[in-house]
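Engineer: Sharing a model prediction with you, sequence too.
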Amino acid sequence: MDIRTHRIAAIPGDGIGIEVVAAGLEVLEALADRDGGFRFDVESFDWGTDRYRRTGAFMPEDGADRLRGFDAILFGAVGAPDVADHLTLWGLRLAICQPLDQYANVRPTRMLPGIRSPLRHVGESELDWVIVRENSEGEYAGQGGRSHPGLPLEVATDVSIFTRAGVERIMRFAFRLAQSRPRKLLTVVTKSNAQRHGMVLWDQIAGEVAREFPDVRWDKMLVDAMTVRMVQKPASLDTIVATNLHADILSDLAAALAGSIGVAPTANLNPERDTPSMFEPIHGSAFDITGRGIANPVATFWTAAMMLEHLGEAEAAGRLMTAVGRVTADEDLHTPDLGGRATTRQVTDALIAALRGRN
Ligand code: ATP
Ligand code: MG
């Protein structure tokens, strides 16, 4: 039998990123072992803040190019308390996402078995969303600047860039995703009352693209009202598309509503598959708990399942998510972010045992 080999670039980064990626790779190995139909060829990259301190750069200049030959990238988290966040973001995450044109950031949010929402009225069936974040332009286009430092007339600008091509491709991606889900329901989020150029273009293009998807029901929301709706009427939402900044904020809210950011995954996709896509937990490097062995690895396990799905290993992805559900259903296996006392090691071992038990 032919064994499929998936070439994975692992970038653990900093802090708990290193801990959860190690756990994720163990789980992937266990899956490959069990399945026999595929294997992983993993290369790890020590890119991150330590490298920045040593060399002045988070990754080599040709870093993004070095990733091109891989089938997927598994990313942990970067950042450290003593390095400004904007240097980290632009020095590594965006320095990979932008050249590799991973323009669709997909963030599924649902309540895993045994994990409760902080909202009492929200049960498992009320919350099943996918947030699509535009990942290549908008507020994170990097345009703008500063002048007259220290003077009263000091000026700082951040210019949002929205292009027709950029908005059309993310809108089409979101409509297609909504169409593939049972409810065929899409909410387009903007702030087109106040931001009267780019956001109005979003609304307009949403209307145009909607005509290509007559079976998708869709509506528009202003981002402020959207936060209220997510809390008060979560069941009225399914697929959500928003700009780089808006979706970043909404997806942290979504993760908290679903229990913890310690369980939330994300995929930075190049949907055309011209370049590798990158998979990561949405949380950061969490230096407040680094080195204590209590980081929740569930976000990374779910992230690994998204990666498997993308690699065409849907069966293994399903098996992994079933095992994740069996682990989260057991409160003794909850880490402190979920109110429990379990360690990263215990959760990882239990997950691998659950994978083995089923076969
Ligand atoms: P960054 O700037 O990299 O986003 P941050 O400190 O702003 O870092 P996170 O690292 O995401 O944000 O952490 C936010 C809070 O959530 C912290 O208190 C952290 O301990 C907690 N947290 C994040 N991820 C996890 C996890 N996997 N398991 C447990 N707690 C977590
Ligand atoms: Mg953060």
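Structural biologist: Structure's in. What do you need? Ligands and ions are numbered 1, 2, ... in the order given.
Engineer: closest point of this structure to ligand 1, which residue?
Structural biologist: Closest residue of the chain to ligand 1, C-beta to the nearest ligand atom: residue 284 (2.1 Å). Backbone N, C-alpha and C define where each C-beta goes, glycine included.
Engineer: which ones are touching the closest residue to that residue other than its chain neighbours?
Structural biologist: Leaving out its chain neighbours, the residue that sits closest to residue 284 by C-beta to C-beta, 6 or more residues apart in numbering is residue 77, at 4.9 Å. Residues counted as contacts of residue 77 (C-beta atoms under 8 Å, 6 or more residues apart in numbering) are 13, 14, 15, 16, 17, 20, 280, 281, 283, 284, 285, 286.
Engineer: Show me the residues you listed that map onto strands.
Structural biologist: Of these, the ones assigned to strands by DSSP state E are 13, 280, 281.
Engineer: Ligand 1 next: which of the residues you listed are close?
Structural biologist: Counting by C-beta under 6 Å from any ligand atom, nothing from the ones in strands among the contacts of residue 77 sits close to ligand 1.
Engineer: The host helix or strand of residue 353 packs against which elements?
Structural biologist: Assignment of secondary structure by DSSP states H and E places residue 353 within helix 344-357. Helices and strands touching helix 344-357, by 3 or more C-beta pairs under 8 Å, 6 or more residues apart in numbering; DSSP states H and E, are helix 16-35, helix 314-328.
Engineer: mind putting those in CSV, mean neighbour count and distance to ligand 1 included?
Structural biologist: Shown next, in CSV, are the helices and strands packed on helix 344-357 (neighbours: other C-beta atoms under 10 Å; distance: least, C-beta to the nearest ligand atom, whole Å):
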stretch, mean neighbour count, distance to ligand 1
helix 16-35, 21, 6
helix 314-328, 19, 13
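Engineer: With mean pLDDT as extra columns, can I get the ones you listed in JSON lines?
Structural biologist: Output for those, formatted as JSON lines (pLDDT from 0 to 100):
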{"stretch": "helix 16-35", "mean pLDDT": "93"}
{"stretch": "helix 314-328", "mean pLDDT": "96"}
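Engineer: so can I have a markdown table of those helices showing distance to residue 110?
Structural biologist: Shown next, in a markdown table, are the helices and strands packed on helix 344-357 (distance: least, C-beta to C-beta, whole Å):
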| stretch | distance to residue 110 |
| --- | --- |
| helix 16-35 | 19 |
| helix 314-328 | 10 |
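Engineer: Centroid-nearest residue for the protein?
Structural biologist: Centroid-nearest residue in the chain, with C-alpha atoms, centre = their mean: residue 266, separated by 1.9 Å.
Engineer: That residue falls within a strand, correct?
Structural biologist: Yes. Checked against DSSP: H, G, I helix; E, B strand; the rest coil, residue 266 lies within a strand.
Engineer: Show the contacting residues for it.
Structural biologist: With contacts taken as C-beta under 8 Å, 6+ apart, residue 266 has the following neighbours: 105, 106, 107, 251, 279, 280, 281, 282, 303, 306.
Engineer: Who does it form a beta bridge with?
Structural biologist: Note on residue 266: beta-bridge partners by DSSP bridges are residue 280.
Engineer: Got the confidence number for it?
Structural biologist: Per-residue confidence (pLDDT) for residue 266: 97.
Engineer: Give me the three-state assignment for residue 76.
Structural biologist: strand.
Engineer: would residue 91 count as being in a helix?
Structural biologist: Yes. Counting by three-state DSSP, residue 91 falls inside a helix.
Engineer: measure it to residue 214 for me?
Structural biologist: 44 Å (C-beta to C-beta, to the nearest Å).
Engineer: if you count what's nearby, which of these two comes out ahead?
Structural biologist: residue 91 (23 against 8; other C-beta atoms under 10 Å).
Engineer: Leaving out the residues flanking it, which one is nearest to the more buried one?
Structural biologist: Residue 91 sits nearest to residue 58 (C-beta to C-beta, 6+ apart), 3.8 Å away.
Engineer: Surely the one you found and residue 95 touch.
Structural biologist: Yes. Contact criterion C-beta atoms under 8 Å: residue 58 and residue 95 qualify, at 7.2 Å.
Engineer: In terms of neighbours, single out the busier of the two.
Structural biologist: Higher neighbour count among residue 58 and residue 95: residue 58, with 27 against 18, using other C-beta under 10 Å.
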